[in-house]
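A.B. asks: Just the structure for this:
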Amino acid sequence: MLRHTVKAFQDHPNIGLIKVVIGADHEELYTKAVGDLLQESHIIGGATRQESVRRGLEAFADQPPKLILIHDAARPLVDSGVISRVIEALDAKPAAIAAMPIVDSLRRETGGAVDREGLWQVQTPQGFWYDAIITTHRASTDDLATDDATLAERAGIPITLVEGAMSNLKVTRAGDLTTAEIFLAARLGDIRTGSGFDVHEFEPGDHVTICGVRVPHTHALKGHSDADVGLHALTDAILGCIGLGDIGSHFPPTDPRWRGADSAVFLQHAIEGVKERGGLVAHLDVTIICERPKVGPHRAAMVARVAEIAGLRPDQVSVKATTTEGLGFTGRREGIAAQGIATVRLPFV
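C.D. replies: The predicted structure is shown next:
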């Protein structure tokens, strides 16, 4: 969720510096989620939302910006249109917030119906002239405000409402994750399929590595890295989906850094290329072509390992095996081949 949130603002042309406020015990999670995206240091929050926001605002005090947006990381699907509308409203107004008009009928638990006319559901980002909102936070002794617009309004700052988006939901309950995934899937409508093929010959040895699993055998596979035909084929398939060439252009066999390397590094590199484009890998399918060793006894371990490397569920990974009925170089047991297919979902440009 945090990664999606940060990327939304990072990709917006009018956003400059981004700072994230986190809990004191969330540093490891923060690094895992966005450590590769942000060079700026994060901020440890306080006991209340308002204190956390205040600490975030203070982090900009040395070089104060004209405008600042405050956003909940629990709203990971904010889009560029919502961000732009808030920024544009700040050209003339000191405070602008994203919101959606209430369309459902409302009732109190006791007391009957509530007139929904003029009622809006507040979202984030909430934007402010920086000097006005930091002054408000510094002066406030009320730590119970549920959002920054409420605090600003109590200080006499007029609030402008701009159109939010239904997809800009706040993930609060478990069911909200399912809804968020539906909205995210709708964005990732550019579905691509790529294929990869790899071959390695046998050489003296006592095992081969296939799909990240060490398999005992009478020979080893010859290659600059660990010669994992399965992971190499899948890597090329993913690179093909995003138009990034082949594995050799990223990890040249002439480069000594990759001598004996674990091919998981190659697969992870390709997957990161998908993530950098805001996409996801939906499915990986690889067919191992050889007479020996037998893949069947190791299939479950191979599926589990590929899923682990790719960050997928096991049901999103397929490992199959076939022979060439004694024909060709694989039939003569001179080596192993693999064919990989990847399905990737990317956002519409």
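
A.B. asks: Surely L346 is in contact with A282?
C.D. replies: No - with contact defined as Cβ atoms under 8 Å, L346 does not count as touching A282 (10.4 Å). To be clear about C-beta, it is placed using only N, CA and C from the backbone, and glycine gets the same treatment.

A.B. asks: Quick one: residues contacting A155.
C.D. replies: Applying Cβ atoms under 8 Å, 6 or more residues apart in numbering to A155 gives the contacts 136, 139-140.

A.B. asks: Where do the strands of the stretch 101-250 of the chain begin and end?
C.D. replies: Using DSSP state E, counting those that start in this stretch, the strands of the stretch 101-250 of the chain run over 106-108, 112-114, 120-129, 160-163, 190-204, 207-210, 213-216, 219-221.

A.B. asks: now those in TSV, with distance to I15 and mean neighbour count?
C.D. replies: Shown next, in TSV, are the strands of the stretch 101-250 of the chain (distance: least, Cβ to Cβ, whole Å; neighbours: other Cβ atoms under 10 Å):
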stretch	distance to I15	mean neighbour count
strand 106-108	35	9
strand 112-114	37	9
strand 120-129	10	23
strand 160-163	16	17
strand 190-204	24	17
strand 207-210	44	23
strand 213-216	44	15
strand 219-221	48	19
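
A.B. asks: just to revisit the earlier point, export the contacts of A155 to TSV and tack on neighbour count, pLDDT and distance to V319?
C.D. replies: As requested, the contacts of A155 are exported to TSV (neighbours: other Cβ atoms under 10 Å; pLDDT from 0 to 100; distance: Cβ to Cβ, whole Å):
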residue	neighbour count	pLDDT	distance to V319
T136	22	95	58
A139	9	93	62
S140	15	89	58
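
A.B. asks: Would you format the residues you listed as a markdown table with distance to L69 included?
C.D. replies: Shown next, in a markdown table, are the contacts of A155 (distance: Cβ to Cβ, whole Å):
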| residue | distance to L69 |
| --- | --- |
| T136 | 15 |
| A139 | 21 |
| S140 | 19 |
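
A.B. asks: could the strands of the stretch 101-250 of the chain be laid out in JSON lines, adding distance to G240 and mean pLDDT?
C.D. replies: Shown next, in JSON lines, are these (distance: least, Cβ to Cβ, whole Å; pLDDT from 0 to 100):
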{"stretch": "strand 106-108", "distance to G240": "51", "mean pLDDT": "90"}
{"stretch": "strand 112-114", "distance to G240": "55", "mean pLDDT": "89"}
{"stretch": "strand 120-129", "distance to G240": "37", "mean pLDDT": "97"}
{"stretch": "strand 160-163", "distance to G240": "39", "mean pLDDT": "97"}
{"stretch": "strand 190-204", "distance to G240": "3", "mean pLDDT": "97"}
{"stretch": "strand 207-210", "distance to G240": "21", "mean pLDDT": "97"}
{"stretch": "strand 213-216", "distance to G240": "24", "mean pLDDT": "97"}
{"stretch": "strand 219-221", "distance to G240": "23", "mean pLDDT": "96"}
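
A.B. asks: So for D255, which of the ones you listed sits nearest?
C.D. replies: strand 190-204 (17.7 Å; Cβ to Cβ).

A.B. asks: Residues in contact with that closest one: which ones?
C.D. replies: 219-223, 227, 229, 232-242, 246-247, 279, 282, 329, 333-349.

A.B. asks: Please, which helix or strand holds A300?
C.D. replies: helix 299-310 (DSSP states H and E).

A.B. asks: Run through the neighbouring helices and strands of that helix.
C.D. replies: strand 213-216, helix 229-241, helix 264-276, strand 280-289, strand 317-322 (3 or more Cβ pairs under 8 Å, 6 or more residues apart in numbering; DSSP states H and E).

A.B. asks: between it and helix 229-241, how many degrees?
C.D. replies: Following axes from the mean of the first three to the mean of the last three Cα atoms, to 10 degrees, one obtains 40 degrees for the angle between helix 299-310 and helix 229-241.

A.B. asks: Check the offset of helix 299-310 from the chain's centre.
C.D. replies: Computed by Cα atoms, centre = their mean, to the nearest Å, the chain-centroid distance of helix 299-310 equals 20 Å.

A.B. asks: Begin at 11 from now on, thanks
C.D. replies: All set: I'll call the first residue 11, so the last point we hit is now helix 309-320.

A.B. asks: If we go by neighbour counts, what in it is buried?
C.D. replies: 309, 311-317, 319-320 (16 or more other Cβ atoms under 10 Å).

A.B. asks: Let me know the pLDDT of the closest residue to L67 other than its chain neighbours.
C.D. replies: Leaving aside its chain neighbours, L67 sits nearest to I144 (4.6 Å; criterion: Cβ to Cβ, 6 or more residues apart in numbering). pLDDT, I144: 97.

A.B. asks: Give me the domain ranges for the chain.
C.D. replies: 12-197, 200-356 (automatic domain parsing).

A.B. asks: Pick the most deeply packed of those domains.
C.D. replies: Greatest average neighbour count among the domains of the chain goes to domain 200-356 (a mean of 18), per mean count of other Cβ atoms under 10 Å.

A.B. asks: Can you give me the end-to-end span of that one?
C.D. replies: 5 Å (Cα to Cα, to the nearest Å).
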